[in-house]
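Visitor: Return a 3D structure for these sequence lines:
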Amino acid sequence: MSDLPRKAVTRTAKLAALPLGIAGRATWGLGKRLGGKSAEIVARELQQRTAEQLFKVLGELKGGAMKVGQALSVFESALPEEVAGPYRAALTKLQDAAPPMPARTVHQVLAERLGEDWRDLFREFDESPAAAASIGQVHRAVWHDGREVAVKVQYPGAGEALLSDLTQLSRFARLLGPLVPGMDIKPLITELRDRISEELDYGLEARAQRKHAAEFSGDPDVVVPDVVHQGDQVLVTEWIGGIPLAQVISDGAQEQRDRAGQLLARFLFSGPARTGLLHADPHPGNFRLLPADDRDDDDEGSGAWRLGVLDFGTVDRLPGGLPATIGESLRMTLDGEADAVYELLCEEGFVKESIDLDPDAVLEYLLPIIEPAESDTFTFTRAWMRSQAARISDPRSPAHQLGKQLNLPPAYLLIHRVTLSTIGVLCQLNATVRLRDELEEWLPGFLPDDALMAGHEDEDEDRGRAGELSTVTDGDELVAGA
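Guide: Got it, this is the predicted structure:
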């Protein structure tokens, strides 16, 4: 049997206790104030207690509760610093860990899905999970051919738990709102709910991972472990070690932070262009920093690094890559073409027909958000993220009023969330990134047609030179061999 609380009444009771607990702590805080404690001290204690209860419950329940917690964790950068402190430790825990499933349950699932002789498939199998997430946990093992592998085992009843949690959480989504200023949590929960069936389907995940592994095979910057075996509720992939991105965030060297940020941005924009798929779960638990040479994974000295990417359970299918509208509107905004940007936003449904906005006001709203694309390099910081969140969430600000009138078309919902989540991680890394380089290389529409054509001509010329060089080299080798 699974250790997940499978009865709906049990899970609902735990989740329903959250708003009651928040109300109780507010009363406790009032009592402390009356007892003479300062408002600032009481507020900090209240925030810490709230964080501890909220994320303890979300983490214990796994399922949809933890999925929401992980999705929210990447927005920690948007919190004011006096609030972020008490939440940060609790949020970070959700990015990479959860209470483990008992060994007997793991054995039962493996026996049911791989056969009673499942142990014959492995030379070694570590009973202790290496990682635990929202719908399954991972065990380190050695496959029968000697390869080190990660064995992902789905929690029994995970689908039922996901649906139950997300339904219940959506009922008091407004209580989670303060965690991410300026963000409506309910659409996030709805979108997560809509994709449950995909994330539970390890067949779909295996196909997405195989496609990425094939495309990025031999890539100098990105490592995607290939799929070794896939079955119902069990997925076996190659093992990759490295430094968890959460560890880089907490105590990594600046070189590691910058390199991780650059590669994360590169993967975000290059993935759809190269595979037609967008990795849609960019929280730190799904990334590793790997040495680019043969050094030990734990060597954190200087040198180049690669980005290891895990978990392809949630992807957005974009056969043509990211929509060119994104690149075009971004370029025209940077060029100050207010009327052209507004017209394009109207055509794509970002501005509904019943709404009439001032193009210059829309441009003014967008410019601070796209500041990272304006210069050759940009340093993503929590302070910058907080300033953007405050600007958009303050009901008194023009940005808040205008933002409420803009619309997010369904086709862009997941792209928008992934982009925001990635920016949140970049701010946690405090990384200096050459974002514009990645946009010019990978984002359709960002470069004007004439610049794009010139770039292709340069590429053709380079390929020609490379071909000539290859021919000469081959000839020299033939002569030497003779």
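Visitor: does the residue nearest to residue 448 when sequence neighbours are not counted count as helix, strand or coil?
Guide: Nearest in space to residue 448, with sequence neighbours left out and distances taken as C-beta to C-beta, 6 or more residues apart in numbering, is residue 331 at 7.0 Å. Where you see a C-beta, it was placed from the backbone N, CA and C, and this is true even at glycine. Reduced to three states with DSSP: H, G, I helix; E, B strand; the rest coil, the structure at residue 331 is helix.
Visitor: what does the one 5 residues further on give?
Guide: In terms of secondary structure, residue 336 is coil; the call rests on three-state DSSP.
Visitor: show me what contacts it?
Guide: Residues touching residue 336, when contacts are defined by C-beta atoms under 8 Å, 6 or more residues apart in numbering, comprise residue 363.
Visitor: Can you list the low-confidence ranges for this protein?
Guide: Low-confidence regions of the chain, defined by pLDDT under 70, span residues 1-99, 133-134, 165, 168-185, 188, 293-303, 450-482.
Visitor: Give me the number of neighbouring residues for the closest residue to residue 367 other than its chain neighbours.
Guide: Leaving out its chain neighbours, the residue that sits closest to residue 367 by C-beta to C-beta, 6+ apart is residue 333, at 6.6 Å. Number of residues near residue 333 (other C-beta atoms under 10 Å) recorded here: 23.
Visitor: and what of residue 361?
Guide: Counted with other C-beta under 10 Å, the neighbours of residue 361 add up to 16.
Visitor: Quick check: phi and psi at it.
Guide: Dihedral pair for residue 361: phi -70, psi -40, per degrees, to the nearest 10.
Visitor: correct me, but it touches residue 399?
Guide: No - in this structure residue 361 lies outside contact range of residue 399 using C-beta atoms under 8 Å: 9.3 Å.
Visitor: The residue nearest to residue 367 contacts residue 360, correct?
Guide: No - between residue 333 and residue 360 there is no contact, the gap being 11.7 Å when judged by C-beta under 8 Å.
Visitor: I'd guess residue 141 is in a helix, am I close?
Guide: No - the assignment for residue 141, made by three-state DSSP, is strand rather than a helix.
Visitor: related to what we said a few turns ago, now do the contacts for the residue nearest to residue 448.
Guide: Going by C-beta under 8 Å, 6+ apart, residue 331 touches 445, 446, 447, 448.
Visitor: Please report the distance of the second one from residue 366.
Guide: Here the criterion is C-beta to C-beta, to the nearest Å. By it, residue 446 lies 15 Å from residue 366.
Visitor: Kindly report the same for the first one.
Guide: Distance check for residue 445 against residue 366: by C-beta to C-beta, it reads 15 Å.
Visitor: Residue 446 and residue 366: who's more crowded?
Guide: Regarding residue 446 and residue 366, a neighbour count based on other C-beta under 10 Å identifies residue 446 as having more, with 24 against 20.
Visitor: For stretch 261-278, could you pull out the residues that count as buried?
Guide: Burial within stretch 261-278, assessed by neighbour count using 16 or more other C-beta atoms under 10 Å, is assigned to 261-272, 274-278.
Visitor: What strands flank the longest strand anywhere in the chain, and is each parallel or antiparallel?
Guide: Across the chain, the strand with the greatest residue count (assigned by DSSP state E) is strand 122-132. Strand 122-132 has the following strand partners under DSSP bridges: strand 136-143 (antiparallel).
Visitor: Return the alpha-carbon coordinates of the strand it pairs with using CSV.
Guide: The C-alpha coordinates for strand 136-143 follow below in CSV (Å, rounded to 0.1, in the frame of the first residue of the first chain):
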residue,chain,number,x,y,z
GLY,A,136,7.2,9.7,-7.6
GLN,A,137,10.6,9.1,-6.1
VAL,A,138,14.0,8.2,-7.6
HIS,A,139,16.3,5.4,-6.6
ARG,A,140,19.9,5.0,-7.7
ALA,A,141,20.8,1.6,-9.2
VAL,A,142,23.1,-0.2,-11.6
TRP,A,143,21.4,-1.7,-14.7
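Visitor: got a list of contacts for it?
Guide: When contacts are defined by C-beta under 8 Å, 6+ apart, strand 136-143 is touched by residues 98, 100-101, 106, 121-132, 148-155, 158, 228-229, 233, 236, 239.
Visitor: can you tell me how far residue 208 sits from residue 278?
Guide: 10 Å.
Visitor: and residue 126, how many residues sit next to it?
Guide: Taking other C-beta under 10 Å as the neighbour definition, residue 126 ends up with a count of 13.
Visitor: can you offset everything so residue one is 52?
Guide: Noted, 52 is the first residue going forward, which turns the last one into residue 177.
Visitor: Tell me how many other residues crowd the residue nearest to it when sequence neighbours are not counted.
Guide: Taking C-beta to C-beta, 6+ apart as the measure, residue 177 lies nearest to residue 191, with 4.6 Å between them; neighbours along the chain are not counted. Counted with other C-beta under 10 Å, residues neighbouring residue 191 total 17.
Visitor: Bridge partners for residue 191, pull those for me.
Guide: Listed beta-bridge partners, residue 191: residue 201 (assigned using DSSP bridges).
Visitor: Okay, it and residue 182: tell me how far apart.
Guide: Using C-beta to C-beta, one obtains 9 Å as the distance from residue 191 to residue 182.
Visitor: My guess is residue 368 contacts residue 327. True?
Guide: Yes - counting by C-beta under 8 Å, residue 327 is a contact partner of residue 368 at 6.7 Å.
Visitor: Okay, domains of the chain per the record?
Guide: By the assignment in automatic domain parsing, the chain contains the domains 59-148+215-232, 375-493.
Visitor: got the CA coordinates for stretch 384-393 in PDB?
Guide: What follows is the C-alpha trace of stretch 384-393 in PDB, where atoms were taken according to Å, rounded to 0.1, in the frame of the first residue of the first chain:
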ATOM      1  CA  THR A 384       9.100  47.000 -27.800                       C
ATOM      2  CA  LEU A 385      12.900  47.400 -27.400                       C
ATOM      3  CA  ASP A 386      12.800  49.600 -30.600                       C
ATOM      4  CA  GLY A 387      10.000  51.700 -29.000                       C
ATOM      5  CA  GLU A 388       7.500  50.900 -31.700                       C
ATOM      6  CA  ALA A 389       4.400  51.400 -29.500                       C
ATOM      7  CA  ASP A 390       1.700  51.300 -32.200                       C
ATOM      8  CA  ALA A 391       3.200  48.200 -33.900                       C
ATOM      9  CA  VAL A 392       3.500  46.300 -30.600                       C
ATOM     10  CA  TYR A 393      -0.100  47.200 -29.600                       C
END
